[in-house]
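Chemist: I would like to see how this sequence folds:
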Amino acid sequence: MAEGEKALTELGAGPDSSDSETAGHHHINEKALLRKLDVRLLPAVGVLYLLSFLDRSNVGNARIEGLLNDVGITGNQYLTGLTLYFVGYVLFEVPCNIILKRTTPQIWLPALTIVWGVVATLMGIVQNLSGFFASRFFLGVAESGLFPGVVFYFSMWYKRRERQYRISLFFSAASLAGAFGGILAYGIGRMAGIVWPTGWRWIFILEGIATVVVAAAAFGFIHNYPDTSRFLNEDERKFIHQRLAADSDATHDEPFTWGAVRKALKDPNCWLYGLGFHTMSLPLYTLSLFMPTIITNLGYKAATAQLLTVPPYAFAFITTVTVAILSERLSQRAIFIGVSALFGAIGYCILLGNTDPVGRPGVSYLGVFFAAGGIYPATALVLSWPAINVSGQTKRAVANAMQISIGNLGAVLGTQLYRANDGPRFVVGHSLALGYLVANAVLVTVLGLRLRKENKRREGIAEEIKHVGEVVDWQGDSDPRWRFEY
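Modeler: Model (predicted):
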């Protein structure tokens, strides 16, 4: 996460418009406190997400290092294994976030990480197809609680208009994972001949062990909520409480209720946020899981293909952070998501338009850059939307989990698209990814207009509320005084 921490240092507290001082706390510099929170929170959860994305996507690197032949995977059984990961992920998404609400981040997030680290390590010793299927399913189960859990976690620390940048920077760890994954796979792949004839087993074992080690340390560097965090003094806790009370429900002592769960399930916007991620999930995961395969099919050897996956991911990291900053400063969500999705769509148009990928590999490789550079920033912004718009702690936790669950159904479909005999053009996979990106641009436009219309309607009923945390009987985002970000 060195690059992420560097970005935090250079960009300060992010593109927020907070005043440096607030009445009653003149001795506390707000921007300095935000930088302190960023440095303490973002690298900690960012490294967990980097490891999560690395452990779920390194199967693509292992595939071109001999996984299929050694385990006896034939035809499209490999794709079934990828699908089973997302089946486990979708099934346990909402339950994991409910558990987080009833436990603490300092216990739950590292515990999840240890479990998936152990599963990822054991993938390195699978001997048959059944073992491969089982390990992928349970990896999905274990990883399902991290991302929506962290999105909810951020909502308990940051004001609404500060969350998008932080969530986007957190999500940028996914692109860093892709870059590191290519470099690590290149190096670890050279361990072929040590214990096993091929090097793919060492990819799972070494990266899985690293996850377990970091997760064990995470019990010491993951913090709970402001009221109990040791790195804050009493004045800082009161100040954070005061600033959160100004525009969110994070300061409420809200007990878990099934009624709040039902509110999320009945809210059309929560389903639309899910569809927003659904239309990004398919291109996101097909790209991350199949990029090594796509590049190998351009005529490159496995080792070279591993290294060639690095630059597109590095470009995606840059575009993700840049778009997040611009979106936050201009207070625009839908337009940046739609434009980013269309930028990624250009990449698939290039990939589909190149009728001779092996003869002109540079053209297809350029398409991969466009695809990665558009998919990652659009996904980051989509994932941050419910965190800033859904009010009510339990409802928000469920809405975040719903979004990931609905979204990952797209990934389930995507894992079946890049079939063994479809290369080197992969017309079916690229075409569906292109269609989904265009659909995303349409959907976020509709959702943005819907939220705008609702804000206009509410303006005729009541003025916008400024101090949500001070309202004793706050009913959440259904209150006409609440305004949505679009």
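Chemist: give me the low-pLDDT residue ranges for this structure?
Modeler: 1-26, 247-253, 469 (pLDDT under 70).
Chemist: show me where it has strands.
Modeler: Using DSSP state E, the chain contains no strands.
Chemist: Nearest the middle, which residue of it would you pick?
Modeler: Residue closest to the average C-alpha location in the chain (CA atoms, centre = their mean): Phe171, at 4.5 Å.
Chemist: Excluding residues flanking it in the chain, which one is nearest it?
Modeler: Closest residue in space to Phe171, ignoring its immediate chain neighbours: Ala380 at 4.1 Å, by CB to CB, 6 or more residues apart in numbering. (Glycine included, C-beta is placed from N, CA and C.)
Chemist: Would you quantify the distance from the one you found to Leu42?
Modeler: Counting by CB to CB, to the nearest Å, the gap from Ala380 to Leu42 is 13 Å.
Chemist: neighbour count winner among the two?
Modeler: Ala380 (30 against 24; other CB atoms under 10 Å).
Chemist: right, and the more buried one touches Phe317 too?
Modeler: No - the criterion here is CB atoms under 8 Å, and Ala380 misses it with Phe317 at 10.5 Å.
Chemist: Find residues that contact each of the two.
Modeler: In terms of CB atoms under 8 Å, 6 or more residues apart in numbering, Ala380 and Phe317 are both contacted by the residues Ser172.
Chemist: What's the local residue count around the residue nearest to Trp385 when sequence neighbours are not counted?
Modeler: Distances taken as CB to CB, 6+ apart put Tyr273 closest to Trp385, at 5.4 Å, once the chain neighbours are dropped. Neighbour count of Tyr273, defined by other CB under 10 Å: 26.
Chemist: got it, and Ile98?
Modeler: A count of nearby residues for Ile98, using other CB under 10 Å, gives 17.
Chemist: Which residues are in contact with it?
Modeler: 256, 261, 397-398, 401.
Chemist: and the residue nearest to the centre of the chain, how far is that from Thr121?
Modeler: For Phe171, the distance to Thr121 - CB to CB - is 25 Å.
Chemist: Also Ile203?
Modeler: 11 Å.
Chemist: got it, and Pro386?
Modeler: Distance of Pro386 to Thr121, given as CB to CB: 33 Å.
Chemist: Compare those two and say which is more crowded by neighbours.
Modeler: Shown here are Pro386 and Thr121; by other CB under 10 Å, Pro386 has more neighbours (32 against 20).
Chemist: How much space separates that one from Gly414?
Modeler: 22 Å.
Chemist: try Leu437
Modeler: From Leu437 to Gly414 the distance is 12 Å (CB to CB).
Chemist: Setting aside sequence neighbours, what's the nearest residue to Asn69?
Modeler: Counting by CB to CB, 6+ apart, Asn69 lies nearest to Thr198, which is 7.9 Å off, once chain neighbours are set aside.
Chemist: isn't the one you found right up against Ala192?
Modeler: Yes - using CB under 8 Å, Thr198 is in contact with Ala192, at 5.1 Å.
Chemist: which residues do the two both contact?
Modeler: By CB under 8 Å, 6+ apart, the residues touching both Thr198 and Ala192 are 65-66.
Chemist: ok so, going back, now do the contacts for the residue nearest to Phe171.
Modeler: With CB under 8 Å, 6+ apart, Ala380 has these contacts: 167-168, 171-172, 320, 323-324.
Chemist: Among those residues, which are located in helices?
Modeler: Judged by DSSP state H, the subset of those located in helices is 167-168, 171-172, 320, 323-324.
Chemist: Please render these as TSV that adds distance to Thr355 to the earlier fields.
Modeler: Listed next are the ones in helices among the contacts of Ala380 as TSV, based on distance: CB to CB, whole Å:
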residue	distance to Thr355
Ile167	40
Ser168	36
Phe171	34
Ser172	34
Thr320	31
Val323	32
Ala324	36
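Chemist: and of those, the nearest to Tyr376?
Modeler: Taking CB to CB as the measure, Tyr376 lies nearest Thr320 of those, at 4.7 Å.
Chemist: Give me the neighbour count for the closest one.
Modeler: As a burial measure, Thr320 scores 28 neighbours (other CB under 10 Å).
Chemist: How about Gly423?
Modeler: By the measure other CB under 10 Å, the count of residues near Gly423 is 17.
Chemist: who's in contact with the residue lying closest to it once chain neighbours are set aside?
Modeler: Leaving aside its chain neighbours, Gly423 sits nearest to Asn297 (3.8 Å; criterion: CB to CB, 6+ apart). Neighbouring residues of Asn297 by CB under 8 Å, 6+ apart: 357-358, 423-424, 426.
Chemist: Between which two of those is the distance greatest?
Modeler: Pairwise distances across those (CB to CB) peak at 12.7 Å, for the pair Val358 and Phe426.
Chemist: what's the distance between the spatially closest residue to Leu272 that is not a sequence neighbour and Pro148?
Modeler: Distances taken as CB to CB, 6+ apart place Leu447 nearest to Leu272, at 5.0 Å, with adjacent residues excluded. Counting by CB to CB, the gap from Leu447 to Pro148 is 19 Å.
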